[in-house]
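A.B. asks: Sequence and predicted structure are below.
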Amino acid sequence: MFQLFSLLLLAFALSLDSFSVGFTYGLRKMVLPLKSLLIIATCSAISLMIAVSIGHALENILSPNITASLGGFILIALGAWVLYQFFRPEKDKESDLLEHEKLIINFEIRSLGIAINILRKPMSADFDRSGTITGIEAFMLGFALSIDAFGAGIGAAMLGFSPFYLAVSVAVMSSLFLLLGIKSGAFFHKINLVQKFAFLPGVLLIIIGILKL
């Protein structure tokens, strides 16, 4: 029962970015077709499966005690990074954003650069400015949303989480959160609440990591 609760809590933490992105799209009244949603969910599942496979490979090399502790520390480190990004001074955030935007302009054809920019500016996923996320746009959005989950997936594997159940849980929950975010954004288009709770994934990852040490 505790393992199931931890699994769902981890999936919840890794899916909150999807809600934030969906909320932004809802504010702009953008459309996300079912096909695009399936592409995004598939990207999340594949990313988690690869990450967990890497984690299990490390389990075969290291002792069980070391992998369990290492997995917990990875989740704690990721959580601490999320909190740092949330609480650091606004001046530092603006400086990083300006530098990053210059990088995207210079290397805009690099998929990783585009993916990171999507997380900072979700509207950049709509390459053709059509107001609908389709095809390659959905793929890049799915890739962007799976970046954080990749590192957590490696740590989760070392803690004994099932690759299949974790991948399915994150894929389903991130899809639901994305849809919920779009609906919420359309409803609360004048209220900016999401940013105030952006620290939650970090707190949850730290809690899971500590519980598993």
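C.D. replies: Yes, it's here. Numbers count the residues shown, from 1 in each chain.
A.B. asks: Can you give me the buried ones in the lengthiest helix in the chain?
C.D. replies: Taking DSSP state H as the criterion, the chain has its longest helix at helix 34-61. Within helix 34-61, the residues scored as buried using 16 or more other C-beta atoms under 10 Å are 36-37, 39-45, 47-52, 55-56, 58-59. Just so you know, the C-beta spots here come from the backbone N, C-alpha and C atoms, and that holds for glycine as well.
A.B. asks: now swap in stretch 3-15 and tell me
C.D. replies: Ser6, Leu7, Leu10, Ala11, Phe12, Ala13, Leu14, Ser15.
A.B. asks: any idea how far the fifth one lies from Met30?
C.D. replies: Here the criterion is C-beta to C-beta, to the nearest Å. By it, Phe12 lies 24 Å from Met30.
A.B. asks: For Leu8, list the residues it contacts.
C.D. replies: Counting by C-beta atoms under 8 Å, 6 or more residues apart in numbering, Leu8 makes contact with Ser169.
A.B. asks: Rounded mean pLDDT for whichever strand or helix holds it, please.
C.D. replies: If you go by DSSP states H and E, Leu8 is part of helix 2-27. Averaging pLDDT along helix 2-27 gives 77.
A.B. asks: Report the angle between that helix and helix 34-61.
C.D. replies: Relative orientation of helix 2-27 and helix 34-61, computed by axes from the mean of the first three to the mean of the last three C-alpha atoms, to 10 degrees: 140 degrees.
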